[in-house]
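take a look and give me a structure for this.
(chains A, B and C)
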Amino acid sequence: MKLDARIPTGPIEDAWDSAKFEMKLVNPANKRRHNLIVVGSGLAGASAAATLGELGYNVKCFCFQDSPRRAHSIAAQGGINAAKNYQNDGDSIYRLFYDTVKGGDFRAREGNVYRLAQNSVHIIDQCVAQGVPFAREYGGSLENRSFGGAQVSRTFYARGQTGQQLLLGAYQALERQVDAGQVTMIPRTEMLDLIVIDGQARGIVARNLITGKLSVHLAEAVILATGGYGNVYYLSTNAKGSNATAIWRAHKRGALFANPCFTQIHPTCIPVSGDYQSKLTLMSESLRNDGRIWVPKQKGDKRRPDQIPEDERDYYLERKYPAFGNLVPRDVASRNAKAVCDEGRGVGETGLGVYLDFADAIQRLGVETIRDSYGNLFDMYQRITDEDPYKVPMRIYPAMHYTMGGLWVDYQLQSTIPGLFVLGEANFSDHGANRLGASALMQGLSDGYFITPYTVGNYLASSKLKDVKASDPAVQAALTATEQGIAKLLSIKGKRTVDSFHRELGKIMWDDCGMSRNAAGLRDAIGRIRALREEFWQNLNVPGSGDDLNQSLEKAGRVADFFELGELICIDALERNESCGGHFREEYQTPEGEAQRDDEHYGYVAAWGYTGPGNKPELTKEPLEFVYVHPSQRSYK
Amino acid sequence: MSTAVAGPREHRAPSFWQSTNGKKAVMAVTGAILFLFVVGHLLGNLQIFDSRERLNAYSHFLKNLGELLWIARGTLIVCVVLHIVATVQLVLLNLKARPVGYKVKKSVASNYADRTMYWSGPIILAFVIFHLLEFTAGTLHPGAPAFSEEDVYYNVISGFRVWWVSAWYIFSMILLGFHLRHGMWSMFQSLGMNHPRHTPVLKQAALWITILIIGGYISIPVSVLAGWVR
Amino acid sequence: MKLTLSIWRQKNPGSKGKFVSYPVEVPNGEMSVLECLDVLNETLSERGEEPVAFEHDCREGICGTCGFMINGVAHGPMPATTICQLTMRHFKDGEELVMEPWRSRAFPFVKDLVVDRRSFDRIIQSGGYVSVSTGNVPDGNAIPIGKDDADRSMDAAACIGCGACVAACPNGSAALFTGAKIAHLGILPQGKPEQDRRAVQMVAQMNAEGFGSCTNIGECTGVCPKEIPLEAIAKMNHDYLLGAWKERKSVVTAIAPVTGWEFGEK
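All right, here's what the predicted structure looks like:
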């Protein structure tokens, strides 16, 4: 298979404009005759559904939650980047583009990233007009802060709830279209299969989670905006419901899956406290601006932190990276935390944690200053751990956070199945091997508000789409297969619960395909995942029936997909014999222990094709070209 | 799937009076008028501490207002009726809003006065009827052989000398106090006049104004019983 | 620590429900209430019983999915805390926790601790937005907004739509939820042009859904995990009263509440 990314030729500054100009348009009167399906109602899904509705298309939007406003975009804390240069500190579209490509460790497409940086400025305008209450200066203009080690202040924010406010903006725009009759919102409904007819995506099979009823929804194009697959790891900062079922089932229908091993671990989360742990809570990255990270020098030192004298503490980030210190990028901070804990120097009862100490900052700036900057985060920490971070150092540990990989899409955000578009975290396109802070919100909204509305129209206007009826054999086949899949899960009647399988899968993934990976571990992990999957299909116990709200059944279907996706992540990680961004292979590191890229052999996107149950997936490579930003070794010394 | 685009709005919306907010606004406005009456009435009554003549003269003045008196009485009656009708309708609506109740339900923020509006109201109404029968119509005259049209002072003193009349009066006034304490800042809230800066001040003011008013009213039976006013 | 959970079990709206007591062992005060239910559900599943259905998603207190009554208080005893962030250390050994779903006519019952809150979506749908289409906007800094207004708007915008206000209100009123959106948008210049229509339509929808009336007692604010101030309700009343007058000639319509789950074709 040959992948055509359809990146416009010519200067990168004009690429998106010329691409837009070349797109075919749908006659306004014809738009209402086109039915579109949007799956997912987060930033990307809600903004796409709203905008397509505004343009006059007939849209159906699905979400598994009880309301589109619950999508996990809502939990993003920090902010959203935009190259507005309101602070006059030298920011520009080109600089944001440059930072993102470099931050992604040269594994993203230049064309896509440049367009993302261009759209960033429109996003802020759009959100302000919708009534998003961004932080303001006393003079009334928008306030910015610097975030995630960026050298310019380009992050817009609404307290610690930027994701919430942006999502509510998109949600309100969506509800406006629901009221106008342009969008039909279908909540509590989960997509279980993609209907492909004549090679084109023509609809979905969905299950209502309350009644258990399956239904078929047909359309001229299907847009997936269902988020990432971090929950393969069981413990992550994702919402409990976040799942990969929609993209995975689309993958099984022919959409290639790109760079699955590019996963991001966030360094500052509250550590695990016990076996019952259900998810991990993120503490904003901004804490590293003032907190100092340390562990005891001595192994197994169980003294209270205040009893460990200064000269027996190891401020390991400051020691190893004198230039960046505690502000090294996420992947570097995470790996180093794991390394000291593996040495047996971790803190807390489980030994899986490091101290994030504010004592110096409090002494230097005063309690009040620290309270102003981080008060709500400290409160949240205290609520969960019952420790006062003003007096006792915080304990933090890395956690699975974001997945840069996803379904392969071209410049038009179309997957390898014509008519199937993939947006936001669900696609792979913009962040390469590592995502910078405050960029995820930007990508979701750029895809939804400013890209898909053009590219979907272009697809509709330039494709031949025959009439499809629910009686079509392909539709009925998809429906039957879905029914059988559910019946199978219910019929096993084994001994183990879904969560116990999920937790075990997550542990394998975290141990062998988490912050650092090696070939032997990955091979071993693949074997263990397969064995566990065997057991899953023999010994799973799903109580209840399929005809009403059955949360165990929902989870079972999702975990079944996580098994297959988890294996693919390991296969991809094993195939990529280099370290880059979030993917760190122990065999490939510099003498100082930093990630060593191999641009010559691995400067490509790895797009995997599904070849049937149990078969080895097929790899297709999309070579990456860097014309504007030249690959260099990242160094934070 | 239908391709016709049509908004899903089908119902004609509730009118101002039918809406909960509209009714609350009516309650606020009528409540405010009744509050003004309560203040005015108190100022008039306090003349009892001056002299028999002053109070009787005041009463005489009121009774000879002619049409004006009936306009005032009419306004008050309309206010009372609207206030009560709105309340009853809202209570019925609110009962329907939670068809299945809780096994355990605790209050976390509201105070006693807030939660007793529904039954302080009816008792105050019963009191008002009794009060009108005693001092305006003269149908009831416990403690006196007959009601005097001219000597209001006599009616008051003879009435309040009966312990249970005073007790009933004081009890009702305390309830009125609860009612006012909630109602006084609540009417600002219902009319949309509320601000983070003013609300705490308003709530404090409501409490002190209430204490002042109720203290004023209660001082009359207390003084009569104590023999300070005879 | 040993506790008893007394949980409302009801299979569907048609069946009869009852409280069922489950003894649970809590290993660690850092465990959240939802994790405690997770562990209970694991035990129930292993015994072949149906797990307790409860809603949850982000478990960070921001999505608004979770929520039920614990001992008569929406989201349990800790102020400004959703159930998912409520840890077990706030309960005493041997305590009984009574867990009930939100009770409101406008939140039809679904199963166990789950109710249907689509009425909230319809209230937003009826006018809780700024009518601006994608692309048709000025520069973000074109309209200055004072910090105070931006902050007050943000206070109201922090609403997570969990429904605790309705659950805690003795009248089952949705005034705080509706008021929060009206205040969020009404305070900002972007929301001013539609201020009157928005208030009138959202209040109309709130009433059409069968929520009760507001008695200004503040139970809603008391349980609100985001501590939305009561002033939001005053803002709603203010905008509604003015709006009802200015829009007195317009025909206001409301959306018919939907309780079924039928969409699409088989």
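
give the contact list for residue 198.
I'll assume chain A. With C-beta atoms under 8 Å, 6 or more residues apart in numbering or on different chains as the criterion, the residues that contact A:D198 are A:K466. In short, each C-beta sits where N, CA and C put it, glycine included.

please go with chain C instead
Remark: with contacts taken as C-beta under 8 Å, 6+ apart, C:R198 is in contact with C:127-128, C:182, C:185-186, C:191, C:239, C:243.

if we go to 6 Å?
Applying C-beta atoms under 6 Å, 6 or more residues apart in numbering or on different chains, we find C:R198 in contact with C:G127.

for it, pull up the helix or strand it's in.
Take DSSP states H and E as the rule and C:R198 turns out to sit in helix C:195-208.

output that helix as CSV, nothing but the C-alphas.
Taking only C-alpha atoms (Å, rounded to 0.1, in the frame of the first residue of the first chain), the coordinates of helix C:195-208 have been written out as CSV:
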residue,chain,number,x,y,z
GLN,C,195,-29.4,38.6,27.0
ASP,C,196,-33.2,39.1,27.0
ARG,C,197,-34.1,36.2,24.7
ARG,C,198,-31.6,33.9,26.4
ALA,C,199,-33.1,34.5,29.9
VAL,C,200,-36.7,34.2,28.7
GLN,C,201,-36.1,31.0,26.7
MET,C,202,-33.9,29.3,29.3
VAL,C,203,-36.4,30.0,32.1
ALA,C,204,-39.2,28.8,29.8
GLN,C,205,-37.4,25.5,29.2
MET,C,206,-36.5,25.1,32.9
ASN,C,207,-40.2,25.4,33.7
ALA,C,208,-41.2,23.1,30.9
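
what mean pLDDT does that helix get?
In this model, helix C:195-208 has a mean pLDDT of 96.

can you pull the buried residues of that helix?
Of the residues in helix C:195-208, those buried by neighbour count under the rule 16 or more other C-beta atoms under 10 Å in any protein chain shown are C:195-208.

for the stretch 101-250 of chain C, give me the ranges with low pLDDT.
Low-confidence regions of the stretch 101-250 of chain C, defined here as pLDDT under 70, do not occur.

mind redoing it with 90?
C:136, C:250 (pLDDT under 90).

which positions in it make contact with chain B?
C:103-105, C:171-172, C:203-204, C:207-208, C:211-213, C:216-219, C:222, C:231, C:234, C:237-238, C:240-241, C:244 (C-beta under 6 Å from any C-beta of the partner chain).

now the residue in the stretch 51-200 of chain C that chain A sits nearest to, nearest residue through space, not along the chain?
Among the residues of the stretch 51-200 of chain C, C:P144 lies closest to chain A, at 2.7 Å counting by C-beta to the nearest C-beta. Closest residue in space to C:P144, ignoring its immediate chain neighbours: A:G140 at 2.7 Å, by C-beta to C-beta, 6 or more residues apart in numbering or on different chains.

helix, strand, or coil at A:Y86?
The three-state label given to A:Y86 by DSSP: H, G, I helix; E, B strand; the rest coil is coil.

what's the neighbour count on it?
Burial measure for A:Y86: 20 neighbouring residues, criterion other C-beta atoms under 10 Å in any protein chain shown.

kindly provide the distance from it to A:L436.
Distance of A:Y86 to A:L436, given as C-beta to C-beta, to the nearest Å: 19 Å.

need the contact list for residue 110.
Went with chain A since none was named. Shown here is A:E110, whose contacts under the criterion C-beta under 6 Å, 6+ apart are A:Y628.

try again with chain B
C:217-219 are the contacts of B:S110 under C-beta under 6 Å, 6+ apart.

which of these tops the neighbour count?
Across these, neighbour numbers were computed from other C-beta under 10 Å; C:E219 holds the maximum, 27 neighbours.

my guess is that one meets B:A109, correct?
Yes: proximity of C:E219 to B:A109 meets the contact threshold set by C-beta atoms under 6 Å, at 5.3 Å.

distance-wise, check the closest residue to chain B within the stretch 101-250 of chain A relative to chain C.
Scanning the stretch 101-250 of chain A for the residue nearest chain B gives A:G181, at 4.6 Å (criterion: C-beta to the nearest C-beta). Noted for A:G181: a distance of 11 Å to chain C, by C-beta to the nearest C-beta, to the nearest Å.
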